[in-house]
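J.: Curious how this folds, go ahead:
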Amino acid sequence: MLPHSSIDNIVSQNLKKLLFNSRELAPLRPNLESLHELQRHFITVAPENLSSNCQVLGMRHGILNIAAPNSTIAAKLRQMAPELTTLMQTRGCEVSGLRIKVQVSYDVRQPHLQPRKISPAIQKELIEFIRHLDESPLKNILTKLATKKNSE
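T.: All right, here's what the predicted structure looks like:
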């Protein structure tokens, strides 16, 4: 069995192929690439013990929005915000400040939403993607998604 990081890498590569080979998903590419780069830069400049569980949410008007898992990490990142902003700028990021939000992960009952339909082209690409995965919970979920009767 492959180590967890290898599985993540394979899934990441296959999802990237799916994203870059699909015309329907093309409008998402620039935003995803930008977020990925900002996340990579943030992880590089922030101390590992603070950045490892943080997530870049996006950037608006030069303010980089970061989600921290708890108030302790958020407070420390807020203290370091001027320094981190400068470090991000030296890496070529057009960041004028940081906004840190506490985003605790917990299960909340979500309202029942209407299931979305996927196009036949995406369904076909998803099925092809699934063929390259080993047995896993992810493969089971993606198989259910790709074979739903309401998919169009």
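J.: What pLDDT does the model give Lys117?
T.: pLDDT, Lys117: 77.
J.: Against Phe129, how distant is it?
T.: Here Lys117 is placed at a distance of 18 Å from Phe129 (CB to CB, to the nearest Å). Any C-beta I mention is one placed from the backbone N, CA and C, and that applies to glycine too.
J.: again, but for Arg91
T.: When CB to CB is the yardstick, Arg91 and Phe129 sit 33 Å from each other.
J.: List the contacts of Leu57.
T.: Each residue near Leu57 by CB atoms under 8 Å, 6 or more residues apart in numbering is listed here: Asn65, Ile66, Ala67, Lys101.
J.: Recalculate using a threshold of 7 Å.
T.: Taking CB atoms under 7 Å, 6 or more residues apart in numbering as the criterion, Leu57 is in contact with Asn65, Ile66, Ala67.
J.: For Leu133, pull up the helix or strand it's in.
T.: Under the criterion DSSP states H and E, no helix or strand holds Leu133.
J.: And for the longest helix seen in the chain, what's in contact with it?
T.: With secondary structure taken from DSSP state H, the chain has its longest helix at helix 71-90. Helix 71-90 is contacted from outside by 41, 45-46, 50, 54, 64, 66, 68, 95-98, 100, 102, using CB under 7 Å, 6+ apart.
J.: Which SSE is immediately downstream of the helix or strand of the chain with the lowest mean pLDDT?
T.: Every helix and strand of the chain was ranked by mean pLDDT, DSSP states H and E. The lowest is helix 4-21, at a mean of 63. Following the chain from helix 4-21 toward its C-terminal end, the next helix or strand by DSSP H and E is helix 29-45.
J.: Centre of the chain to that following helix, how far?
T.: 9 Å (CA atoms, centre = their mean, to the nearest Å).
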